[in-house]
Each structure stands twice: as C-alpha cells, then as structure tokens.
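Peer 1: sequence first, then the predicted structure:
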Amino acid sequence: MSRVSIAETFAKAKSDNRAVLIGCMPAGFPTVDHSIESMIAMHEAGCDVIEVELPYSDPVMDGPVIQKASDIALAGGVRTRDTLKIIEAVASAGATVVLMTYWNPIEKYGVDAFARDLAAAGATGLITPDLIPDEAGEWIAASDRHGIDRTFLVAPSSTDERLAMTLENCRGFVYATALMGVTGARTSVSSQAPELVARIRRADPVMPIGVGLGVGTGDQAAEVAAFADGVIVGSALIRCVLEAPDRATGLTRLRSLSSELADGVRRR
C-alpha cells in the first residue's frame, strides 16, 4: 500500500505556512466499524494525520476520556488484529496514519512482526509513550527494516541530554507533551509548551515538533500552531463520540470540531 509519510505531511503543511493537525481516536471505539467511520470523518473534515490509539488496559499517560473510550473498545473485544484492519481502512481512504501504543502489546505480538504488519496495513509511523530510546534498540532496528517512523516523547522535565538523545532517535516528528500529567482537554494551553518547543528547536532546528495534551478548541489550536509544527488533539475529539446520544450526532459533532481545529491551525 502506498503511504504518505509523516515527513511529507509536515513538509506540505510547512510549504502552506501552517501547522499539521493530528487527530486521535482509539481503535474499535465504540465498535470497529464506528471507529473507522469516525476516523474517516476526521480526515475528511481537515485532520492531516489520524493517530489511531491501540486500546490498552493500563494506559498510564492517558486521561479519563481516552481511558473510558479504550475500556469500551476492549469490552467490545477489539484486539491488535482489528486495529491493523482499521488502519488499513483509514489509510485506504487517503489519510496519513500513525499508531500510538504502549510497548507491552508490541512485545507480545513480536517486535519485527508488528513493524512488518503495521507497514503492510498502511501506517507511516508509531508513537510509543512508555518507551525511551535507550531501551528501544529492538524497535529501532525493526522500524528501520520496515520503514516505520519513530516518535518518542519529551516533556518539560526532560534534561538537555535526554532531549538531544531522544531527538537523535526520532524520525518523522517528536511529540512534545505540553503538560506534566495525563492527557485531556484544558481551558488554556500550557505556558510550558512554548519554552519546551524552543528548547527542542535549539537542539534540532529541523525535526518537526508536534505538541499534545490540552488542546480542545480552534482558538487553542491556533495558539499552539503559532509556535509548533503540529497540533495533537485527542480527548476533545473522542468526547464528541463518547457524549453523543446517537451515532449520527457524534459524527456531526466530530466533523464540526475537526473542521474548527483545522481552521485553527491554518490561521496561526
């Protein structure tokens, strides 16, 4: 399957003088078919990248909204194979797709087999929130073999040495967590985010930077897009589906917010 890489997506947005919008949705929430429909709706409404989250029973970084959505998906029986099918469907619709997962499911699946099957499904990258580069030798080798971009996380607490080492091992983009703590939409963007982005740029002026944790409105997206290369939104989009009285209303709300966020990153 032909894939649009993260690097190409960021380069295209940069040429248009705007940031990339990355929208997150758990695989299989609330069902496999519904999650595919949601992700394609997000793509059609302006999300440049769809971040598919593999549901996991102990998502230590995720806030209550993503945890609840993941629990619903797991209760419905979604597994890694279902997630790969979802990625294939969304990528086939023309979206740039990355997967976000904790390390345990990859290790259980088999690291090289996971990279192989992820690439075959059409994903262009993988975000690993609980894997640090100095413990990622097997993943780095497998991702190189199968052409999967690697995204590691940095935080305001990261030392300069840790920052440099993480950037050296990223490919595609680096994920800058703008807040200490778990994910979830906030009423304001963290004041730590611009400082963290500036530190990353000093360490590596070229690597695209995606900022996550806290964005939930078009105005917040525009605020983050003023200093970052990518704006990552999860909980606010998931809540559109989670709190909707029915499927049609959820999709309408999801399209509306995705469009609002897409407008935001374009008026940086």
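Peer 2: The structure has been received and is ready for your questions.

Peer 1: so which strand or helix has residue 221?
Peer 2: helix 218-225 (DSSP states H and E).

Peer 1: CA atoms of that helix as CSV?
Peer 2: In CSV, the C-alpha atoms belonging to helix 218-225 read as follows (Å, rounded to 0.1, in the frame of the first residue of the first chain):
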residue,chain,number,x,y,z
GLY,A,218,-9.9,26.1,17.3
ASP,A,219,-8.5,29.1,19.2
GLN,A,220,-6.2,26.8,21.2
ALA,A,221,-5.2,25.1,18.1
ALA,A,222,-4.2,28.4,16.5
GLU,A,223,-2.3,29.4,19.7
VAL,A,224,-0.2,26.2,19.6
ALA,A,225,0.2,26.4,15.8
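
Peer 1: give me the helices and strands touching it, please.
Peer 2: When contacts are defined as 3 or more C-beta pairs under 8 Å, 6 or more residues apart in numbering; DSSP states H and E, helix 218-225 sits against strand 230-233, helix 247-266. The C-beta positions use only the backbone N, C-alpha and C, and glycine is treated the same way.

Peer 1: shaky segments in this protein?
Peer 2: For the chain, the stretches flagged by pLDDT under 70 are 1-2, 179-190, 268.

Peer 1: 80 instead, please
Peer 2: For the chain, applying pLDDT under 80 flags the ranges 1-3, 58-62, 178-191, 213, 268.

Peer 1: which strand runs longest in it?
Peer 2: The residue-count maximum for a strand in the chain (DSSP state E) belongs to strand 20-26.

Peer 1: hey, what's the angle from that one to helix 218-225? Just curious.
Peer 2: 120 degrees (axes from the mean of the first three to the mean of the last three C-alpha atoms, to 10 degrees).

Peer 1: relative to helix 247-266, how tilted is strand 20-26?
Peer 2: With the same axes, to 10 degrees defining the directions, strand 20-26 sits at 150 degrees from helix 247-266.

Peer 1: name the next helix or strand downstream of strand 20-26, please.
Peer 2: Immediately after strand 20-26, counting by DSSP H and E, sits helix 32-45.

Peer 1: how far does the longest strand of the chain sit from the chain's center?
Peer 2: Averaging C-alpha positions (C-alpha atoms, centre = their mean, to the nearest Å) puts strand 20-26 5 Å from its chain's average.

Peer 1: show me what that strand is packed up against.
Peer 2: Judged by 3+ C-beta pairs under 8 Å, 6+ apart, strand 20-26 is in contact with helix 6-15, helix 32-45, strand 49-53, helix 64-75, strand 209-212, strand 230-233, helix 235-242, helix 247-266.

Peer 1: generate JSON lines for the helices and strands packed on helix 218-225, with mean neighbour count and distance to residue 168 as supplementary columns.
Peer 2: As requested, the helices and strands packed on helix 218-225 are exported to JSON lines (neighbours: other C-beta atoms under 10 Å; distance: least, C-beta to C-beta, whole Å):
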{"stretch": "strand 230-233", "mean neighbour count": "28", "distance to residue 168": "19"}
{"stretch": "helix 247-266", "mean neighbour count": "19", "distance to residue 168": "27"}
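
Peer 1: geometrically speaking, which residue is the centre of the chain?
Peer 2: residue 51 (3.7 Å; C-alpha atoms, centre = their mean).

Peer 1: still on that earlier bit, distance to residue 174 added to the helices and strands packed on strand 20-26, as a markdown table?
Peer 2: Putting the helices and strands packed on strand 20-26 into a markdown table (distance: least, C-beta to C-beta, whole Å) gives the following:
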| stretch | distance to residue 174 |
| --- | --- |
| helix 6-15 | 11 |
| helix 32-45 | 22 |
| strand 49-53 | 14 |
| helix 64-75 | 21 |
| strand 209-212 | 6 |
| strand 230-233 | 10 |
| helix 235-242 | 21 |
| helix 247-266 | 18 |
